[in-house]
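>>> here's my sequence, what's the structure:
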Amino acid sequence: MFRIRALDGLRAISIAFVIVDHMLRNHLVSGDGPWWRFDLGRVGVRIFFVISGFLITGLLLRELETTGRIHLRRFFFRRFMRIAPPALVFLGVMAIVAAAGFSPATPRDFLHALTYTSNYVQMPWDLGHTWSLSVEEQFYLFWPLVLAAFGLAGGRIAVGVWLLAAPLFRYVAGSTGDWPYYYLFGFEANADALAVGCGVAMLRDAAWQSVRWRAFVTGRLLWPAVFTLALTWPLTALSPMREVVGISLVNFAVALVVERCLRVPDEALTRWLDAPVMTFVGVLSYALYLCQQPLLADARGLPLSVRFLALAVCAIALHRFVEQPALRLRQRLEARLFRRRPCGSGPSGLQREPG
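Below you'll find the model as predicted:
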């Protein structure tokens, strides 16, 4: 399996943002000051979404170019074997915890988590983070069907619609009330982050033909542009424009960082993201994300050092004994259930399959 190590490093940053945000929200560390303006948890999840859209689209485009079609059953099988086993083990453990009276989660909550609909209902803290997994699964269900049915041209239209509709939805839903529970958890509110990643995968090679674009991506002006885009987020913290402009520009800032890392692999930032500790945390990011929320609850009364130790142990165990065996099993089953097809680097120049 090929890897883009710098993107694993970006995943490490995104999970760090989520963990720090949850510690601040639950007063596990001092939350005084302007930290609330950055809303690091939302930024971290947006980084995940942009990377996911980018990698999944690159995978689908490679298959479309090399085989002329998208094998939907194979795609859904691969996604299931990548996402479901760790999530099922996590939910199984949490069901035991809830049955023992140490979690407020109910059977209804577990049903929504299992069916990836928890982004449209109120969930207890211990399972609340499954909203982003629901958004991802809804994307995995919808996006390959669009590309399979309408091809690259239809996909570009869908990306354009998402980019326009999601900010409008956030503004309208935020002005009129919850939709239907907390509108910022809905797929509609997050589709533009995924769409930005999809758009980068679809357009990056065509854009690279432009001399000006190449000069911008590889030159000194990109980092001031990224900083300017990202700065709109804290500056618009109390403004309705945060939902329309701030979130959208953060998505594009992440996309520029992704493109820079891929185009300039020898830069100091890319080498830092490639560092073993960063890629190790990035590889663990899914397991860390699953385990962190219950361990960062404000009512558990555990020292922060104990929480971090428990989080590390749980995440490593989940990755080592569930994720990795599930991926090996996926390879064996895939060889039996589906005819192998060669998969080249494709039009997007990607060389990594997203897990």
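>>> helices or strands next to whichever strand or helix holds residue 326 in the packing?
Under the criterion of DSSP states H and E, residue 326 resides in helix 324-337. Counting by 3 or more CB pairs under 8 Å, 6 or more residues apart in numbering; DSSP states H and E, the packing neighbours recorded for helix 324-337 are helix 72-99. To be clear about C-beta, it is placed using only N, CA and C from the backbone, and glycine gets the same treatment.
>>> with just CA atoms, put the helix or strand following the helix it packs on into CSV.
Per DSSP H and E, the first helix or strand lying C-terminal to helix 72-99 is helix 107-114. Extracted as CSV, the C-alpha positions of helix 107-114 are listed here (Å, rounded to 0.1, in the frame of the first residue of the first chain):
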residue,chain,number,x,y,z
PRO,A,107,-29.6,1.9,22.9
ARG,A,108,-31.1,4.7,20.7
ASP,A,109,-27.7,6.4,20.7
PHE,A,110,-25.9,3.3,19.7
LEU,A,111,-28.4,2.7,16.9
HIS,A,112,-27.7,6.1,15.4
ALA,A,113,-24.0,5.6,15.7
LEU,A,114,-24.2,2.2,14.0
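>>> what lies in contact with helix 107-114?
87-88, 91, 94-95, 98, 118, 121, 123-124, 127, 130, 133 (CB atoms under 8 Å, 6 or more residues apart in numbering).
>>> quick one on the thing from earlier: next one: the helix holding residue 326 to chain centre, how far?
Put simply, helix 324-337 sits 23 Å off its chain's centre (CA atoms, centre = their mean, to the nearest Å).
>>> and the angle from it to helix 72-99?
150 degrees (axes from the mean of the first three to the mean of the last three CA atoms, to 10 degrees).
>>> report the buried residues of helix 324-337.
326, 330 (16 or more other CB atoms under 10 Å).
>>> so where's this protein shaky on pLDDT?
1-3, 31-33, 339-355 (pLDDT under 70).
>>> so which residue is smack in the middle of it?
Closest residue to the average C-alpha location of the chain: residue 48 at 2.3 Å, with CA atoms, centre = their mean.
>>> for the residue nearest to that one when sequence neighbours are not counted, what is the enclosing helix or strand?
In space, residue 48 comes closest to residue 14 once its chain neighbours are excluded; the distance is 5.2 Å by CB to CB, 6 or more residues apart in numbering. Following DSSP H and E, one finds residue 14 within helix 5-25.
>>> dump the helix or strand following that helix to CSV, restricted to CA.
Using DSSP H and E, the next helix or strand after helix 5-25 towards the C-terminus is helix 35-38. Extracted C-alpha coordinates of helix 35-38, given in CSV (Å, rounded to 0.1, in the frame of the first residue of the first chain):
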residue,chain,number,x,y,z
TRP,A,35,-8.7,30.2,22.2
TRP,A,36,-12.4,30.0,21.7
ARG,A,37,-12.1,32.1,18.6
PHE,A,38,-10.1,29.4,16.9
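>>> can you give me the buried ones in helix 35-38?
Buried residues in helix 35-38 (16+ other CB under 10 Å): 35, 38.
>>> just to check, residue 191 is in contact with residue 165?
Yes - Residue 191 lies in contact with residue 165 (CB atoms under 8 Å); the separation is 7.2 Å.
>>> more crowded one of those two?
residue 191 (26 against 14; other CB atoms under 10 Å).
>>> for that one, which residues are in contact?
139, 162, 165, 166.
>>> enumerate the positions of the helix or strand in which it is found that are buried.
Per DSSP H and E, residue 191 falls inside helix 187-208. Neighbour-count burial for helix 187-208, counted by 16+ other CB under 10 Å, picks out 187-202, 204, 207.
>>> do stretch 170-177 as well
Result for stretch 170-177 [16+ other CB under 10 Å]: buried residues 170, 171, 173, 174.
>>> what does stretch 18-29 give?
So stretch 18-29, judged by 16+ other CB under 10 Å, has buried residues 18, 19, 20, 21, 22, 23, 24, 25, 28.
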